[in-house]
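K.L.:
A structural model of the following input is requested.
(one chain, ligands or ions: 1)
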Amino acid sequence: MLKLYYVPKTRATRPRWVLEELGVPYDLVRLEPGPAGTRGEDHLTRHPLGHVPVLEDRGQFIFESGAICMHLADLFPDKRLLPPPGSVDRALAYQWVLFAMSEMEPPLVAGYEQSKKPEAERSTAAVAAAKEAFGQTVATLEKALAGRKYLLGDSFSVADVMVGATLAWGRAMKLMPGAPAVDAYLARLRERPAWQRALAD
Ligand SMILES: N[C@@H](CCC(=O)N[C@@H](CS)C(=O)NCC(=O)O)C(=O)O
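P.N.:
A predicted model of the protein is given here:
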């Protein structure tokens, strides 16, 4: 049985969302953040940095949310959460998954780090730079989503999980610029029962 090591309200909701979309059985192992859980000896054997998510599949521990989500889609090709390998749409799925990780996430992490500091130590320039950089990624998505239901067209895919979950994080941090197509897309994603189930706790 697939096993997902998980902390609620973290990047671990991404593979949980994919598992819920797939509708396959899995064990959810909830960990506490910190020494009693994610930073404990047991979990450090699964992920040397003590992070979640980690997927256990046939005795192997796999980390990185994007890699886990794509692997889960590959395990159940009939569910069509990724286009066929070698297709142009598959390349576009890779593009958007990596766009989420490497273009959208860094400004969010920078903004999050500022938000953790006492107010007097926060850099307004760093917050503004994060907002600007994240805004550029949203503008890119606004163009890509014009006339489209999902990033790859009519078919929902793992790319929507990775980008959608990252957009939701940006919205929670109040870094979202006005972007009507992106707003409608996010609202569409939020209606998916699988995402709602993944966010339930
Ligand atoms: N690039 C990794 C980032 C993983 C990560 O930073 N996870 C955070 C939660 S969002 C974590 O495990 N924090 C718990 C800790 O640091 O103890 C991924 O996408 O899976």
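K.L.:
Would you map the helices across this protein?
P.N.:
For the chain, the helices defined by DSSP state H cover 13-22, 41-46, 65-75, 88-99, 105-116, 124-144, 158-172, 180-190, 193-198.
K.L.:
quick one: which of these is nearest the ligand?
P.N.:
Among the helices of the chain, helix 65-75 comes nearest to the ligand, with 3.6 Å by CB to the nearest ligand atom. All C-beta atoms are positioned from the backbone trio N, CA, C, and that covers glycine.
K.L.:
would CSV of the helices of the chain with distance to the ligand be doable?
P.N.:
Shown next, in CSV, are these (distance: least, CB to the nearest ligand atom, whole Å):
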stretch, distance to the ligand
helix 13-22, 7
helix 41-46, 9
helix 65-75, 4
helix 88-99, 10
helix 105-116, 8
helix 124-144, 16
helix 158-172, 9
helix 180-190, 18
helix 193-198, 14
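K.L.:
export those helices to a markdown table and tack on mean neighbour count and mean pLDDT?
P.N.:
Compiled in a markdown table, the helices of the chain are given as follows (neighbours: other CB atoms under 10 Å; pLDDT from 0 to 100):
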| stretch | mean neighbour count | mean pLDDT |
| --- | --- | --- |
| helix 13-22 | 24 | 98 |
| helix 41-46 | 14 | 98 |
| helix 65-75 | 21 | 98 |
| helix 88-99 | 17 | 98 |
| helix 105-116 | 16 | 96 |
| helix 124-144 | 16 | 97 |
| helix 158-172 | 24 | 98 |
| helix 180-190 | 16 | 98 |
| helix 193-198 | 16 | 98 |
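K.L.:
and the residue in the chain sticking out farthest from the centre, how far is that from the ligand?
P.N.:
No residue in the chain sits farther from the centre than residue 120, which is 31.1 Å out by CA atoms, centre = their mean. Plainly put, residue 120 is 26 Å away from the ligand if you go by CB to the nearest ligand atom, to the nearest Å.
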